[in-house]
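> Let's see this in three dimensions:
(one chain, ligands or ions: 1)
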Amino acid sequence: MQIHKGDQLFQEALKYFISGVGAAGRFFPTIGRPLFLERADGAYLFDIDGNQYIDYHSSSGATFLGYNNPEIKQAMQQALDMGYFCNYETEYHVKLAELLCASVPCAEKVRFANSGTEATLGAIRLARGVTGRKKIIKFEGHFHGMHEMAWFNCHTTLSEPNEYGEIPCIPDSAGIPEEIASMVIVLPSNEPDIFRSCMKRHQGEIAAVIMEPVMYNAGCVLPKQEFVQAVREETEHAGTVLIFDEVLSGFRMCLGGGQEYLGVTPDLATLAKALGGSGVPIAALVGKEWVMNGLNPVGKVVMSGTYTGHILEVLGSLKAVEIMRSPGFYDHLNQLADRLYSGLSDLLQRYRIKAVIQGVGARFAIYFGLEHTPIYDYRQVVRHFDFDMNQRFLRKAFEKYLYIHDYGNKLSPTHHGFTSAHTLEDINETLTRCED
Ligand code: PLP
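You can find the predicted model right below:
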């Protein structure tokens with residue numbers, strides 16, 4: 001493995017960037033610096049030292065259809081030929097919105113955004129504006145982007161719940177004022193009774209409940225059907241807006257994302273990542289008309305932006321959604337993903353490694369230190385995750401040219417595992433390298 005140019009560039013990058021990276025999440029603790037790319041194609045990354053990796057990071061899940069997708073490239077070329085403007089509407093905006101409404105169960109109306117963070121921020125503001133209430137409920141371990149409104153108890157230590165099961169609200173970043181924490185209630189997920197009693201105690205106060213339908217931010221922790229059902233029933237009864245944050249789960253296992261997978265329809269959903277297909281930076285807030293009508297200029301909740309619905313993104317995303325809507329797309333995706341998961345699981349068992357693999361659609365985690373699936377309990381993951389073994393695995397995988405990204409955070413103990421444009425040969429080759 002050649003790494004000279006990468007090491008040199010890192011020294012140069014350190015002069016201008018904090019930790020040598022333009023975005024913190026790109027630092028790769030496994031090698032003590034980021035991977036510097038020259039190009040990417042399909043499921044492969046090529047670094048500036050000429051090494052080729054099979055990629056299971058998938059740009060944090062944003063290159064769902066693989067890199068350099070020729071159809072998406074062509075669609076974006078059309079946008080370049082049109083003059084690559086932003087802050088105007090086109091027929092393609094309407095077409096994309098139409099396809100989103102045909103694909104995602106809760107989508108009756110659409111508003112675009114530039115990132116998942118922006119979409120969840122807009123969703124929470126909209127819920128507050130429509131209900132006239134301040135408080136929101138979120139769940140421990142669920143991540144909703146890097147804004148002040150819901151960035152709590154995701155990358156922090158576990159703290160003791162109070163007598164009602166509510167978990168002390170701890171910000172995931174310095175700089176988030178306590179006043180904001182006072183508007184957020186953190187609960188454990190998959191605990192319907194705790195949720196019900198909380199809704200009762202805070203009757204008339206809760207503007208929104210925001211949740212990841214599948215807890216993909218902790219790898220792949222499964223939702224319990226009776227829990228999600230209880231959340232839907234209670235919020236509906238209380239006039240509370242239910243927001244599914246589908247930034248990761250949208251399109252990931254089926255066209256309608258987590259809500260179709262669970263058969264539970266929220267009032268609002270946020271989409272990003274896979275929505276852009278091949279890393280195109282687009283997000284959307286979609287939802288039921290009664291809530292979405294709160295958005296300006298009809299309603300009083302402002303959500304807009306100069307680059308929102310940029311023509312490059314819209315044309316790229318339109319092509320991505322068309323590809324995802326094509327017949328057999330999800331059968332193929334899920335079959336390949338299952339081949340990887342069952343192959344890895346066989347290896348873990350054959351070599352008696354204390355670890356399990358859990359995956360839904362194109363997202364998975366290998367939980368070193370855990371012994372049984374299904375995993376529903378986030379706290380169990382945090383408590384039992386074997387961080388050192390995980391680091392050794394990632395290091396060895398990297399030496400075998402498998403790129404599985406990790407933040408190296410003991411408190412957020414999961415690496416990113418995403419399948420994308422992998423072929424059966426890629427999956428088989430990955431299993432061979434893992435066995436080595
Ligand atoms: N919500 C969820 C569930 C996410 O996984 C993420 C990012 O990983 C976000 C929101 C924030 O999205 P972005 O990074 O596009 O701002």
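
> so how many other residues sit close to the closest residue to residue 152 other than its chain neighbours?
Nearest residue to residue 152 in three dimensions, chain neighbours excluded: residue 169, at 5.0 Å (CB to CB, 6 or more residues apart in numbering). Where C-beta positions appear, they are placed from N, C-alpha and C, glycine not excepted. Residues near residue 169, counting by other CB atoms under 10 Å, number 19.

> In a strand, residue 169, correct?
No: Residue 169 is assigned coil when assessed by DSSP: H, G, I helix; E, B strand; the rest coil, not a strand.

> Up against the ligand, what does the chain have?
For the chain, the contact set with the ligand under CB under 6 Å from any ligand atom comprises 60, 115-117, 120, 143-145, 212, 217, 245, 247-248, 272.

> same thing but 5 Å
115-117, 144-145, 245, 247-248, 272 (CB under 5 Å from any ligand atom).

> In strands, which of those residues fall?
residue 245 (DSSP state E).

> Can you pull the phi/psi pair for residue 109?
phi -140, psi 160 (degrees, to the nearest 10).

> For the residue nearest to it when sequence neighbours are not counted, give me its contacts.
Among residues not flanking residue 109 along the chain, residue 292 sits closest, at 3.8 Å (CB to CB, 6+ apart). Taking CB atoms under 8 Å, 6 or more residues apart in numbering, we find residue 292 in contact with 108-109, 111, 126, 268, 285-286.

> distance of the closest residue to residue 221 other than its chain neighbours from residue 381?
Leaving out its chain neighbours, the residue that sits closest to residue 221 by CB to CB, 6+ apart is residue 215, at 3.8 Å. With distances taken as CB to CB, to the nearest Å, residue 215 is found 9 Å from residue 381.

> circling back: out of the contacts of residue 292, who's nearest the ligand?
Using CB to the nearest ligand atom, residue 285 comes nearest to the ligand of the contacts of residue 292, at 11.8 Å.

> What strand or helix carries that closest one?
Under the criterion of DSSP states H and E, residue 285 resides in strand 283-287.

> got the buried residues for the helix or strand that comes right after that strand?
Next helix or strand after strand 283-287 toward the C-terminus (DSSP H and E): helix 289-292. Neighbour counts over helix 289-292 (16 or more other CB atoms under 10 Å) mark 291-292 as buried.

> what does stretch 170-178 give?
Neighbour counts over stretch 170-178 (16+ other CB under 10 Å) mark 170-172, 176 as buried.

> Look up how far residue 405 lies from the residue in the stretch 51-200 of the chain that the ligand sits nearest to.
Distances between the stretch 51-200 of the chain and the ligand by CB to the nearest ligand atom are smallest at residue 116, namely 2.3 Å. Separation of residue 116 from residue 405 (CB to CB): 17 Å.

> Over to residue 374?
24 Å.

> Could you check which of these two has the larger neighbour count?
Between residue 374 and residue 405, counted using other CB under 10 Å, residue 405 has the larger neighbour count: 25 against 11.

> Settle this for me: the more buried one is touching residue 415, isn't it.
Yes: using CB atoms under 8 Å, residue 405 is in contact with residue 415, at 6.4 Å.

> Doesn't residue 345 belong to a helix?
Yes: with three-state DSSP as the criterion, residue 345 is located in a helix.

> Could you count how many residues lie near it?
Residues lying near residue 345 (other CB under 10 Å) number 17.

> I'd assumed residue 357 was in contact with it.
Yes: at 5.0 Å, residue 345 counts as touching residue 357 under the criterion of CB under 8 Å.

> In terms of helices and strands, where is residue 204?
Per DSSP H and E, there is no helix or strand for residue 204.

> any idea how this structure splits into domains?
Residue ranges for the domains of the chain, per automatic domain parsing: 4-56+328-435, 70-324.

> Endpoint to endpoint, the first one covers what distance?
Looking back up the chat, that one is domain 4-56+328-435. For domain 4-56+328-435, the separation between the terminal residues is 28 Å (CA to CA, to the nearest Å).

> what is the rounded mean pLDDT of it?
Domain 4-56+328-435 carries an average pLDDT of 95.

> and if you look at the last one?
With pLDDT averaged residue by residue, domain 70-324 scores 97.

> Return the residues in contact with residue 68.
39-42, 278.

> run the last query once more with 7 Å
40-42 (CB atoms under 7 Å, 6 or more residues apart in numbering).

> which of those residues count as buried?
40, 42.

> any idea where the strands of the stretch 301-436 of the chain begin and end?
355-360, 363-368, 402-403 (DSSP state E, counting those that start in this stretch).

> tell me the most buried of those?
strand 363-368 (a mean of 25; mean count of other CB atoms under 10 Å).

> Mind listing residues that contact that one?
61, 216, 219-220, 248, 252, 341, 344, 354-358, 375, 381, 385-386, 389-390, 393, 414, 417-418.

> What helix or strand is residue 54 located in?
strand 52-55.

> So what are the sheet partners of that strand and their directions?
Sheet pairing for strand 52-55, assigned by DSSP bridges, gives strand 44-47 (antiparallel), strand 402-403 (parallel).

> neighbouring contacts of the helix or strand harbouring residue 199?
Element membership of residue 199 [criterion: DSSP H and E] is helix 192-201. For helix 192-201, the surrounding residues in contact (CB under 7 Å, 6+ apart) are 137, 164-166, 185, 187-188, 206, 226-227, 230-231, 234, 238.

> Enumerate the positions of stretch 392-401 that are buried.
Neighbour counts over stretch 392-401 (16+ other CB under 10 Å) mark 393-394, 397-398, 400-401 as buried.

> Distance to residue 131 for those residues - can I get that in a markdown table?
Output for the buried residues of stretch 392-401, formatted as a markdown table (distance: CB to CB, whole Å):
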| residue | distance to residue 131 |
| --- | --- |
| 393 | 46 |
| 394 | 44 |
| 397 | 47 |
| 398 | 48 |
| 400 | 52 |
| 401 | 51 |
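
> Run a quick neighbour tally on residue 103.
Residues near residue 103, counting by other CB under 10 Å, number 20.

> Setting the sequence-adjacent residues aside, check what's closest to it.
residue 255 (4.9 Å).
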